[in-house]
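# Sequence unavailable; structure follows:
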């Protein structure tokens, strides 16, 4: 802010606190006028922001401007709505206390636009995620929806909010918006049925007619002509040049979708809007019997359809009323005036409750997710966009409620301003001096007093038996409040002031001035009642929205509903309670002229608003102590150049530095005070003289800075030149090294190519590098990837010059691996390997079942120790059984199968049947052994035919076990001949006689005697 003090003669001061003549209203308005003329629409009164509506677009709301004010100290740069927004946001984050921003001003002063700018600032600058992005869009899109249903064109403003709005924006611990909630106050429902000349009904009616699709209008029974609807023609202003209803309709429909309204809910809502228009066109006339009846059947038909009620019941309710007397219900016909009033009451009730339902739905869409709000605490910033003080030529019940609201807010504003001032003084250790100000509590008590208050008297008059009227209400006011200093009527006024108050008016002397209120309509507006039978009909509606707006319990509830004034008083009390729980910031909006022209400053109108906004009172409270206060660091940083003791840098305590500075500047003790962290300057002239001294000092400072800059620039230039020389030498060295590497690489590539060309020649200078590289590459490949096991027979193909060496290396490698493998073999495994080698020598490529037997391990015996007969073991004596197996023995004659045990010792084999030794075969007499090449398990032991003791033995099955025992055991006893014939085995039966065993392949193992006397063995083939 201090940066523009020197331009104060041209653009005024940015903070009214710095006005020298702060008690002069003319000086205050002149400062506003100067700044307005320079398009500087924002000015501070301490922490309060005063905003003048420019009535045109200014290029001061871009994203770049938002970033400029983001995180910057409040007084560091020029006043702006973004400065208030950011200061409030940072206070919420740092102090973890809820904040609120109170925006006030009369219609057309720019309150709604200010609240939009604040929301846009938070939506743009706060951290956001995908979920929070949706919430941000809903927050922003709630504005056009609420404006469509709650704003209207008035004489003073083309987009006037006809309801009060308080919005809470909830933030999580990171400062991201996570939810919102809206409270609405005192919708001007009377506008639905009546508008003053030059004003319009709520925007949504015109948007629907102008922008709605033709099919939609036909469905609703509407025509695209606002002049045909009685509720839209009373103001004689169907179109406004500054409003594009068709574009606004598209915006509202899109916003409803973004917020999350379902299509059926939107349809019901539009049905209600259309029904209000049809209600306005519903006419009454006299019937045949003189009774009052509805004469527009088409309107009744559409009303029945759109409201979802029975047409006959609605007709009855609009022309008759139900009266309950002494427990009995009676139906009484309505007069023409009563029927019109009932129709208008229904229109206002339906629209008012639909608006409340709309706000509730928006709140549901803005509700913070439980999963988000669960993690970490949340804080709130509230935005209050409330109607300002209103004084019209004709003031009624609505203006009375609005001005009562402003009285309460002004009372709160003064209290909180004084409180914040006193807290700041006490925190800084400065003595607080009591401030005299006008306490408007007397006016608030006049309105809201418990028994003698104006609202209590109004409620009492509405509820008393008999025929109360607006005039009787006025008379009761005179009887009860007569003599009050702030209440005047025609009867109570003296001769000088009597002409200013008519006989149907009363005057209240508010803090902002005198206002005459006409009592006409006070009682009806305060009752705001709907005939019971009309309420019963609407409660039976099948419309989803109306069923939520009108509850059936209302019909049966005998308790009288609260009056409109009492409801407003209670809601206002809750609002004050909410605001008291938060740290407030203030935006005061001013309208420069009634013609909505840019650049025009109506001094009389502005003076009126300055008065009723209480700005002079606020300035006087703020200036009661000290006009200027800043933190030591800020003050010292700006003015330290004025004192040799603090220039260029102060190294001690900040408070000592400021004391040294002000002593050098010659401040008198009564002109300033030093607090704990701030300096307080009482008079603006003291600050201005300091600012003028700084301005005079600036040429010398500029010269010093220029000298220092030039010296720095020349030194930097010298360092750059020196660095350039060093860099040049370094780059030369690096380039030479790169050139050497490139030449070396070229030589290598050239040698390699030439060697490749001469690779098939004898070794010579042309190919020696290539051949050496081949040898080296081959040997390194062997070194990195040698064979890993003895079974790995892979070996890389060597270059021609290393063929012989490769063979030697391969043998050496295999030999080393074999040696290493053999060293690792255990004795048991070695014995197995030896037996496997013998079996391989005998059966490999000879026996069909050999491959399947290779992975199976040999065992010492195929018979358990329990299977050996004890007598047989005793018969053997010292001969130990090395191997035993169960076999089937076939006789040489007849081939009879007999089960036997084949036992092998070190010198003979024997066949045992139970405990009897049936046959003994000495290995010395055994001539040969025969087996077939198939997968059968037969083995033939050939013994000399001359030995009558030895009989032919055909044994089976043997070869279902791993191929080795008993064959290796038999072979190990001496040199025997093992034959593996393919088709048959011939054996000697007796001297000169031979037997034949034929072997053939088949699906399964089968042994049978054939016609030739041969033994036929069929076995499956395992390896085709």
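Noted; the coordinates are in hand. From a predicted model like this one, the values you see are computed outputs, not experimental measurements.
# Can you show me the helices along the stretch 551-700 of the chain?
Assigned by DSSP state H, counting those that start in this stretch, the helices in the stretch 551-700 of the chain fall at 553-556, 564-580, 603-612, 615-622, 632-639, 654-665, 684-757.
# what's the distance between residue 1012 and residue 933?
21 Å (Cβ to Cβ, to the nearest Å). (C-beta placed from N, C-alpha, C; glycine too.)
# ugh, wrong one, I meant residue 101
105 Å.
# Same drill for these two, tell me which one is more crowded.
The neighbour comparison of residue 101 against residue 933 (other Cβ atoms under 10 Å) goes to residue 101, with 24 against 20.
# show me what contacts residue 503?
For residue 503, the contact set (Cβ atoms under 8 Å, 6 or more residues apart in numbering) comprises 490, 491.
# count of neighbours near residue 242?
Residue 242: 8 neighbours (other Cβ under 10 Å).
# Ignore what I typed, I meant residue 737.
By other Cβ under 10 Å, 10 other residues sit near residue 737.
# Distance check, it against residue 724.
Counting by Cβ to Cβ, the gap from residue 737 to residue 724 is 20 Å.
# Likewise for residue 985?
Distance from residue 985 to residue 724, by Cβ to Cβ: 103 Å.
# Compare these two (neighbour count), which wins?
Using other Cβ under 10 Å as the criterion, residue 985 and residue 724 rank with residue 985 on top: 22 against 10.
# wait, doesn't the more buried one sit right on residue 994?
No: with contacts counted by Cβ atoms under 8 Å, residue 985 stays clear of residue 994, the gap being 10.4 Å.
# one step back: quick one: the helices of the stretch 551-700 of the chain as JSON lines, columns for distance to residue 981 too.
Formatted as JSON lines, the helices of the stretch 551-700 of the chain follow (distance: least, Cβ to Cβ, whole Å):
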{"stretch": "helix 553-556", "distance to residue 981": "111"}
{"stretch": "helix 564-580", "distance to residue 981": "112"}
{"stretch": "helix 603-612", "distance to residue 981": "129"}
{"stretch": "helix 615-622", "distance to residue 981": "127"}
{"stretch": "helix 632-639", "distance to residue 981": "115"}
{"stretch": "helix 654-665", "distance to residue 981": "117"}
{"stretch": "helix 684-757", "distance to residue 981": "60"}
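# export those to CSV and tack on distance to residue 768 and mean pLDDT?
What follows is the helices of the stretch 551-700 of the chain, written out as CSV (distance: least, Cβ to Cβ, whole Å; pLDDT from 0 to 100):
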stretch, distance to residue 768, mean pLDDT
helix 553-556, 110, 72
helix 564-580, 97, 88
helix 603-612, 104, 87
helix 615-622, 99, 79
helix 632-639, 80, 83
helix 654-665, 83, 86
helix 684-757, 7, 87
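# just the ones you listed: most buried one?
Compared across these, helix 615-622 shows the largest average neighbour count, a mean of 21 (mean count of other Cβ atoms under 10 Å).
# Show me what that helix is packed against.
Applying 3 or more Cβ pairs under 8 Å, 6 or more residues apart in numbering; DSSP states H and E, one finds that helix 615-622 contacts helix 25-37, strand 42-45, helix 397-428.
# got the angle for that helix vs helix 25-37?
Helix 615-622 and helix 25-37 are oriented at 110 degrees to each other (axes from the mean of the first three to the mean of the last three Cα atoms, to 10 degrees).
# Just give me the neighbour total for residue 29.
19.
# State the distance from it to residue 610.
7 Å.
# How about residue 797?
103 Å.
# Okay, now the unreliable bits of the stretch 801-950 of the chain?
945-950 (pLDDT under 70).
# which residues in it form helices?
Under DSSP H, counting those that start in this stretch, the stretch 801-950 of the chain gives helices at 803-824, 827-843, 850-853, 870-876.
# Give the closest residue to residue 897 in space, chain neighbours not counted.
Leaving aside its sequence neighbours, residue 897 sits nearest to residue 888 (Cβ to Cβ, 6 or more residues apart in numbering; 5.1 Å).
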